[in-house]
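K.L.:
I'll drop the sequence and a predicted model, then ask my questions.
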Amino acid sequence: MNNVLVFGFLMGKSPMELFVAGGPIMWPMLFLSLLAMTVVIERLIFIARERFSRKPHIVGKVLNLVSEGEFKAAANVGVDSSDMLGRVLGNCLKTDDEAKEDAFAEASSREISRYQQGLPVLDTAITAAPLLGLLGTVTGMMGSFGEITGDLGAPTAITGGIAEALVATAAGLLIAIMCLMPYNFINARIEDARRAIEESGSLLEIALAEAKKSPGERPGEKVALLQ
């Protein structure tokens, strides 16, 4: 673990020595940190892929077709799109007027859930890692105090054992901090996606209102592309 390397440098010990000093609790912490790291890497790749798959001109085309009354064509363009917003609009337009609101909400929830995958793992790591570290420290201190035999060297042995036992707490805190930053970043991207979906829904309502007007009443301007 990176935290073991850092503490090993600060305390003049090898990473393996510190890992052993942290006690058996370091093994579940190692597993938790590797799992969280895997989720972070996968989520960052997902966010980058979603950013490159955005096609504002496709969304604009869908909205323009809707404003012209071409609902079936607009739905086909949206559903086949790689753009998240295009898929939401396309699935909404496939339904009847009475079910459009529910279809939009369902499609939006489905897209947002794709962004939220893996977040429970990071949330668990942020919460559990410090607790595991505290548990390792407590058990380590119990073992250190259990070594008191009454000789003069006991206090030194105890303080040294406590210092090593604190490695578990420090490791747990560092794991939580390292997970907290990408967790907040991913949540920010989820909020961005949610706002973009809400904006596309507002533009869809405008386009549907334009489609209900007679051709002579339409302003002739296309719906602005969603940026």
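P.N.:
Sure thing, it's come through.

K.L.:
give me the helix or strand of this protein that scores worst on average pLDDT.
P.N.:
Within the chain, judged by mean pLDDT, DSSP states H and E, the helix or strand with the poorest mean is helix 2-11; its value is a mean of 48.

K.L.:
quick one: mean pLDDT over the longest helix anywhere in the chain.
P.N.:
Scanning the chain for the longest helix, with DSSP state H as the assignment, gives helix 154-212. Helix 154-212 shows an average pLDDT of 86 in the prediction.

K.L.:
again with stretch 53-70
P.N.:
Across stretch 53-70, the average pLDDT comes to 90.

K.L.:
what's the next secondary structure element after the least confident helix or strand of the chain?
P.N.:
With elements assigned by DSSP states H and E, the helix or strand that comes after helix 2-11 is helix 15-21.

K.L.:
and residue 150, what's its pLDDT?
P.N.:
According to the per-residue confidence, residue 150 scores 51 in pLDDT.

K.L.:
residue 122 and residue 27, how far apart?
P.N.:
Between residue 122 and residue 27 the computed distance is 20 Å (C-beta to C-beta, to the nearest Å). The way it works is simple: take the backbone N, C-alpha and C, and place the C-beta from them, glycine included.

K.L.:
the more surrounded of these two?
P.N.:
Counted by other C-beta atoms under 10 Å, residue 122 and residue 27 do not tie: residue 122 has more neighbours, with 22 against 12.

K.L.:
I'd say that one and residue 40 touch.
P.N.:
Yes - with contacts defined as C-beta atoms under 8 Å, residue 122 counts as touching residue 40 at a distance of 7.1 Å.

K.L.:
got the contact list for residue 100?
P.N.:
Each residue near residue 100 by C-beta atoms under 8 Å, 6 or more residues apart in numbering is listed here: 92, 93.

K.L.:
please report the distance of the residue nearest the centre of the chain from residue 41.
P.N.:
Computing the C-alpha centroid of the chain and ranking residues by C-alpha atoms, centre = their mean puts residue 186 first, at 3.9 Å. Residue 186 sits at a distance of 12 Å from residue 41 (criterion: C-beta to C-beta).
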